[in-house]
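Visitor: Everything below, folded, please.
(chains A and B)
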There are 2 protein chains.
Amino acid sequence: MSQQQQSSATPLERFRELTGKIKQFEEILGLVYWDMRTGAPRKGIELRSQAVGALSSETFKLSTSEEMGELLAHLSAPDNASALGEIDRKLVEETAKDYDRNRRIPPDMYREYVVLTSQSEAAWEEAKEKNDFEGFVPYLEKIIDYNRKFIDLWGVKNTPYDTLLDMYEPGLTTEELDRLFGELRERLVPLAERIAKSPNKPDTSFLNGTFDKEAQKAFSKLILKQMGYDFEAGRLDESVHPFATGLSTGDVRITTRYLPEDLTSALFGTIHEGGHSLYEQNISPELDGTPLSTGTSMGIHESQSRLWENMIGRSLGFWQRYLPDLAALFPGQLDGVTPEAFYRGINVVEPSLIRIEADELTYNLHIMIRYEIEKMLFNENLNARDLPEVWNRKYAEALGVTPPDNAHGVLQDVHWSGGAFGYFPSYSLGNMYGAQMMDVARSKLPELDAQIANGELLPLKEWLTEQVYRHGKLLKPSELIERISGRPLQSSCLCDYLEDKYKEIYRLE
Amino acid sequence: MSQQQQSSATPLERFRELTGKIKQFEEILGLVYWDMRTGAPRKGIELRSQAVGALSSETFKLSTSEEMGELLAHLSAPDNASALGEIDRKLVEETAKDYDRNRRIPPDMYREYVVLTSQSEAAWEEAKEKNDFEGFVPYLEKIIDYNRKFIDLWGVKNTPYDTLLDMYEPGLTTEELDRLFGELRERLVPLAERIAKSPNKPDTSFLNGTFDKEAQKAFSKLILKQMGYDFEAGRLDESVHPFATGLSTGDVRITTRYLPEDLTSALFGTIHEGGHSLYEQNISPELDGTPLSTGTSMGIHESQSRLWENMIGRSLGFWQRYLPDLAALFPGQLDGVTPEAFYRGINVVEPSLIRIEADELTYNLHIMIRYEIEKMLFNENLNARDLPEVWNRKYAEALGVTPPDNAHGVLQDVHWSGGAFGYFPSYSLGNMYGAQMMDVARSKLPELDAQIANGELLPLKEWLTEQVYRHGKLLKPSELIERISGRPLQSSCLCDYLEDKYKEIYRLE
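Guide: All right, here's what the predicted structure looks like:
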């Protein structure tokens, strides 16, 4: 019966149905991962990982099936392709890309890899907790080894690492990244040095103390609502490592982490994940149920999280409006702190060990270290076992700090345990994209800074929806930034922004 | 590559793999349903329902595939079947049953039905909240209509309703149920009448008041731990309608509902779901990952929930031990209440409107009403639209009460919104199975009552694990009860138990 139905459907209908099914399975897998990170019971992880492996494999098989190959061949033929609408054409293009990539991976290899990575996140968490790098090495070695094999199967572009980069930021090369990071280094390292010498250090003493968890939660919710995050299309939970996951436009979930001793962790973590979520919640409903209903690249995704976290959440105007609300939640703890003092305090620049706690300026140095190490892993065959030594050396060189142990060093980030090599650059790309977008936003919305200082965050959200969010994956990252700003990605907007901001805070010159 | 692998595997290996995959997909679907009921955002439900439909269809296709048919035919052939071990033989038998049943349903029909039922639960919830039976009728009509079609496709056994009953209690017939319910009615209705006339009414005034939610939660956790529920293989959440779901033996989740005005709701709801969960957590690891790793029937499942809830949770010994713990959580609210008074108060018998709030005795009358209505729906083609009238008439006849509105009448239960016609009898079957098991338990564990009064609940849990839980679906319900008690299911153990209990509480004769 379904056989008959299929043959009466047009190739385009069959293609939409098949890609829709892949999207549906991915939505369900996304939910399973969310659950694993927000409280799935420990004893169920082993069987759950196997189940995830089975469903991922099924999804993988659909994306590499003979039927998919035939449909793509048919719909990509010039006569047929030219008859397609914009969405379908893009759908064919993106699906063909995945098809070509996935067809090169043997299904069993893929399944083993999925099971491995879904187990290794738990192993990493344990290793981090116990400061046991040795215990994590076997996983890391296997994951790196799989990725090296994937690169061989996919084919090396320029350098092996380029092949991984392309997964997160289509079209991006190490050559381009070397240039961008070089420019950042050239302007940001001297800036950091001048800051270090400045006698005008912000006072951060008001950030010391114990901050009630329920009050922190209430403020996180308040700010998300102010940003226009739709709680009927999402929820806020807790996890050891904050994240956002867009299961569909109607279900975009955020997690955060409330540290009693650190008010800023949940605060900026929530705004960061809120930025990711605004993106996913506001993709055009036209794209619902298709693989195009997601962010166009991780760099653009991080531009939204970092823009909201830093350019809005760490701005003076924002705190002129919201500090009284925050102070009211912690009676007696923030009395007498002015918005200016608060602003300076949350923007203190200090070389540090932990990326997610880093200030906006040195953050990019943390990323460059990871970028260099990842290049070494894939372009120079660095051994997993040697990572701690390389890591610590690079931290000493770039930031002048040395981790006391691996938990505060090479084990700090979740990414590698999930095989996400090539992801880290997205954060700095996001910082650059975001600064470039904000320059345009300020010229298009002349009232923007006044609005932020007045707690009106929705005009910016609407502008970003129009420019970025609604397009989902319809536009490539390079197309998007050209369309918004009239030029390709630059490092200069970010450097200008950071120089202006920190010269003022540290009263340089 | 996977093709090659498949052909080198034996039929038994391929069969295990295929049934394992079905089990894995069901585990994931179970998680999605859990999520839908514990806080999935409203705006994501529509797309999620479609995704559930897609994965359920995939699972359905696996269970009805040509490959499955060939493997079952091969493994059921006498020569091959006799070479199988006990687990594999049972696996073939149970899978063949599902295969025969599912092959009769057209795949598209199945998919439509899954989408319908996953939407209609939300529709029912809304209808109940707004007391809007009319709004729910279209869903109900469709669900009933599908079930009538399923019955035709599956084939009528004795009566159409028998076909549904068999899904929840394999082998059970309306003839047998009519007899059992007749026996219950004959002994329990006169008992209820004598109780109504008794002047010795328990005092329930101490149950009035407002009971702190966090304290209720703490007590729920305490009791689950005491019962031997493993929190590393499960979790306790909240939902509008309490339930338990066994995703695997390592992940068996409970939800409950804390009503500030009603201490007993969460208390007995939690113990009830805890009973279901002990069953699922303690199935033999040998059966992990197979479709046999679940309860053998809904009647046996409810025997465990109802046994723990009533025969343990509403026993005097239990409260001799735990009342001080409960009272300590609600300072000033239960002062001076003796275990005896508490025991009598929580066992008050009163005709009521709501099944899940009913006492242990009249509970069975609530079930009989539903059983009779379900028979009318499927054996006499009663219209969905006429349900409220029939419902209210039967409540007036059997319990002497009339619902003030449909929310407190025909809309009270979730079951029909999910298409679970034929499930309700499981509760009374559970009461009967449970009483029959407890008679044996008392003879095998002579210290049992003393242990309960001493807070030692684990010996009973271990005995039930040995007798019931570990077997999963290896034994049929009829085999299980024969094996435990040496005879088939009887109504007399339950009637004897209830008579003894209530004669004492109401000081009858």
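Visitor: use CA for all of it now, contacts and neighbours both
Guide: OK.
Visitor: give me every residue that touches the closest residue to A:Leu278 other than its chain neighbours.
Guide: Of all residues not flanking A:Leu278 in the chain, A:Tyr229 sits nearest, at 6.0 Å (Cα to Cα, 6 or more residues apart in numbering or on different chains). For A:Tyr229, the contacting residues are A:Gly274, A:Ser277, A:Leu278, A:Gln281, by Cα atoms under 8 Å, 6 or more residues apart in numbering or on different chains.
Visitor: burial measure for the closest residue to A:Thr249 other than its chain neighbours, as a count.
Guide: Ranked by Cα to Cα, 6+ apart and with sequence neighbours excluded, the top spatial neighbour of A:Thr249 is A:Gln281, at 4.5 Å. Here the number of neighbours of A:Gln281 (other Cα atoms under 10 Å in any protein chain shown) works out to 27.
Visitor: give the contact list for A:Gln281.
Guide: A:Tyr229, A:Asp230, A:Ala233, A:Gly246, A:Ser248, A:Thr249, A:Gly250, A:Asp251, A:Val252.
Visitor: any idea how far the fifth one lies from A:Ile254?
Guide: Using Cα to Cα, to the nearest Å, one obtains 13 Å as the distance from A:Ser248 to A:Ile254.
Visitor: ok, those two, which is more surrounded?
Guide: Ranked by neighbour count (other Cα under 10 Å), A:Ser248 and A:Ile254 place A:Ser248 first, with 30 against 25.
Visitor: Now go through the contacts of A:Tyr229 and say which are in helices.
Guide: A:Gly274, A:Ser277, A:Leu278, A:Gln281 (DSSP state H).
Visitor: wait, what's in contact with the most centrally placed residue in chain A?
Guide: Note on chain A: the residue nearest the mean C-alpha position is A:Glu302, at 4.6 Å, using Cα atoms, centre = their mean. For A:Glu302, the residues meeting the contact criterion (Cα under 8 Å, 6+ apart) are A:His276, A:Ser426, A:Tyr427, A:Leu429, A:Gly430, A:Asn431.
Visitor: Report how many residues lie close to the first one.
Guide: In terms of burial, A:His276 registers 30 neighbours under the definition other Cα under 10 Å.
Visitor: ditto for the last one
Guide: Burial of A:Asn431 is recorded as 28 neighbouring residues (other Cα under 10 Å).
Visitor: How is it classified with respect to secondary structure?
Guide: helix (DSSP: H, G, I helix; E, B strand; the rest coil).
Visitor: So it sits against A:Leu307, correct?
Guide: Yes: counting by Cα atoms under 8 Å, A:Asn431 does reach A:Leu307; the two are 7.0 Å apart.
Visitor: With adjacent residues omitted, what lies nearest to the residue of the stretch 1-150 of chain A found nearest chain B?
Guide: For the stretch 1-150 of chain A and chain B, the shortest gap (Cα to the nearest Cα) falls at A:Gly44, measuring 3.9 Å. Using Cα to Cα, 6+ apart and skipping the chain neighbours, the partner closest in space to A:Gly44 is B:Gly250 (3.9 Å).
Visitor: For that neighbour, give me its contacts.
Guide: A:Pro41, A:Arg42, A:Lys43, A:Gly44, A:Ile45, A:Leu47, B:Glu232, B:Ala233, B:Gly234, B:Gln281 are the contacts of B:Gly250 under Cα under 8 Å, 6+ apart.
Visitor: Selection in ChimeraX covering whichever of these are buried, please.
Guide: To isolate the buried ones among these in ChimeraX, judged by 16 or more other Cα atoms under 10 Å in any protein chain shown, type:
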select /A:41,43,44,45,47 /B:233,234,281
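Visitor: just the contacts of B:Gly250 now: which is nearest B:Ala196?
Guide: Using Cα to Cα, B:Gln281 comes nearest to B:Ala196 of the contacts of B:Gly250, at 40.4 Å.
Visitor: and the gap between the closest one and B:Arg470?
Guide: 9 Å.
Visitor: cool, and A:Asp203?
Guide: A:Asp203 sits 63 Å away from B:Arg470, going by Cα to Cα.
Visitor: who has more neighbours, these two?
Guide: B:Arg470 (23 against 13).
Visitor: Kindly report the domain assignment for chain A.
Guide: In terms of domains, chain A is parsed into A:2-103, A:174-505 (source: automatic domain parsing).
Visitor: would you turn these into CSV with mean pLDDT and distance to B:Glu466?
Guide: Shown next, in CSV, are the domains of chain A (pLDDT from 0 to 100; distance: least, Cα to Cα, whole Å):
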stretch, mean pLDDT, distance to B:Glu466
domain A:2-103, 93, 21
domain A:174-505, 97, 38
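Visitor: Closest one to A:Val92 out of the contacts of A:Gln281, please.
Guide: A:Ser248 (20.3 Å).
Visitor: would A:Val114 count as being in a helix?
Guide: Yes: remark: A:Val114 belongs to a helix, assigned using three-state DSSP.
Visitor: just to revisit the earlier point, most widely separated two among the contacts of A:Glu302?
Guide: A:His276 and A:Leu429 (14.5 Å).
Visitor: coming back round to it: how much space separates the residue nearest to the centre of chain A from A:Ser265?
Guide: 17 Å.
Visitor: Neighbours of A:Glu273, how many?
Guide: Neighbours of A:Glu273 using other Cα under 10 Å come to 26.
Visitor: got the contact list for it?
Guide: Contacts of A:Glu273 (Cα under 8 Å, 6+ apart): A:Pro242, A:Phe243, A:Ala244, A:Ile254, A:Thr255, A:Ser305.
Visitor: so of the residues you listed, which ones are in helices?
Guide: Here DSSP H is the test, and the contacts of A:Glu273 give A:Ser305 as lying in helices.
Visitor: Going by distance to chain B, which of the contacts of A:Glu273 wins?
Guide: Closest to chain B, out of all of these and judged by Cα to the nearest Cα, is A:Ile254, at 11.9 Å.
Visitor: need the strands for the stretch 351-500 of chain A, in chain order.
Guide: Here the stretch 351-500 of chain A has no strands by DSSP state E, counting those that start in this stretch.
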